[in-house]
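Enquirer: Structural data only, the sequence is not supplied:
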């Protein structure tokens with residue numbers, strides 16, 4: 001058996017990040033306006049080539065930090081994309097990640113490889129370079145599935161929120177309306193929310209009670225076999 005790796009082709013590998021953000025009105029994705037070819041002056045995801053001395057996750061964290069000034073995000077590997085024609089420079093595989101961000105908690109810092117960064121609504125994306133439309137769509141579907149069985153959506157909210165705000169987030173991620181009473185019943189029965197003792201003043205309604213995600217309690221429930229479900 002020949003163990004010499006030099007005889008095998010070596011495709012390049014990139015790590016591309018789908019960064020979702022929510023601003024209480026719409027679900028958006030963070031896009032970068034490229035300076036360099038290919039797809040110069042096009043919008044793309046935040047991405048870069050994998051270095052030989054780093055793991056995929058370390059590469060994703062480096063890319064988010066160097067190209068947008070983002071750190072400490074919820075980060076999850078999504079999928080590997082390997083279409084033969086996905087990059088005009090040659091054979092390039094892409095390992096994708098998705099991240100969840102509350103845009104109000106971060107100040108974006110544009111790296112030197114881009115003209116600009118922009119939060120773009122998922123419902124109104126510009127023409128994108130590479131196969132990034134496809135990557136975003138797959139990430140959107142993964143997120144919509146995941147929020148029904150794991151409370152990752154809280155990463156997109158303020159620390160304190162109302163049930164109405166939480167339901168609005170779920171409806172935008174799932175792309176459908178949810179029954180108000182049923183949603184309230186399920187989320188309160190889960191035991192993963194804690195009352196803050198505060199209320200948010202409404203313009204046309206009585207003040208709404210505010211809650212926070214009880215991560216410690218959630219982790220305890222998981223150890224006891226609890227299964228979150230919306």
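Expert: It's in. Note that the structure is predicted; figures quoted are calculated from it, not measured.

Enquirer: Can you pull the poorly scored residue ranges out of this structure?
Expert: Applying pLDDT under 70 to the chain flags the ranges 1-2, 202-205.

Enquirer: could you show me where the strands are in it, in order?
Expert: 12-22, 27-34, 43-44, 46-49, 74-81, 92-101, 114-121, 161-162, 193-200, 208-213 (DSSP state E).

Enquirer: Would you mind saying which of these lies nearest residue 172?
Expert: strand 27-34 (4.8 Å; C-beta to C-beta). Every C-beta, even on glycine, is put in place using the N, C-alpha and C of the backbone.

Enquirer: Contacts for the closest one next, please.
Expert: 18-22, 40-46, 67-68, 101, 103, 108, 113-122, 125-126, 128-129, 136, 169, 172-173 (C-beta atoms under 8 Å, 6 or more residues apart in numbering).

Enquirer: and these, which are buried?
Expert: Among these, those buried by neighbour count (16 or more other C-beta atoms under 10 Å) are 18-22, 42-46, 67-68, 101, 103, 108, 114, 117, 119-120, 122, 125, 128-129, 136, 169, 172-173.

Enquirer: How about the contacts made by the spatially closest residue to residue 22 that is not a sequence neighbour?
Expert: Residue nearest to residue 22 in three dimensions, not counting chain neighbours: residue 156, with 3.9 Å by C-beta to C-beta, 6 or more residues apart in numbering. Under the criterion of C-beta under 8 Å, 6+ apart, the neighbours of residue 156 are 20, 21, 22, 100, 101, 102, 169.

Enquirer: tell me the contacts of the third one?
Expert: By C-beta under 8 Å, 6+ apart, the contact list for residue 22 reads 28, 102, 103, 156, 157, 169, 172.

Enquirer: Kindly reformat the strands of the chain as CSV containing distance to residue 59.
Expert: What follows is the strands of the chain, written out as CSV (distance: least, C-beta to C-beta, whole Å):
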stretch, distance to residue 59
strand 12-22, 4
strand 27-34, 16
strand 43-44, 16
strand 46-49, 7
strand 74-81, 11
strand 92-101, 8
strand 114-121, 17
strand 161-162, 33
strand 193-200, 35
strand 208-213, 29
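
Enquirer: For residue 63, find the nearest of the ones you listed.
Expert: That would be, of the strands of the chain and by C-beta to C-beta, strand 46-49, which comes in at 4.6 Å.

Enquirer: buried stuff in that closest one?
Expert: 46, 47, 48.

Enquirer: ok, the last one to residue 171 distance?
Expert: Read that as residue 48. 34 Å (C-beta to C-beta, to the nearest Å).
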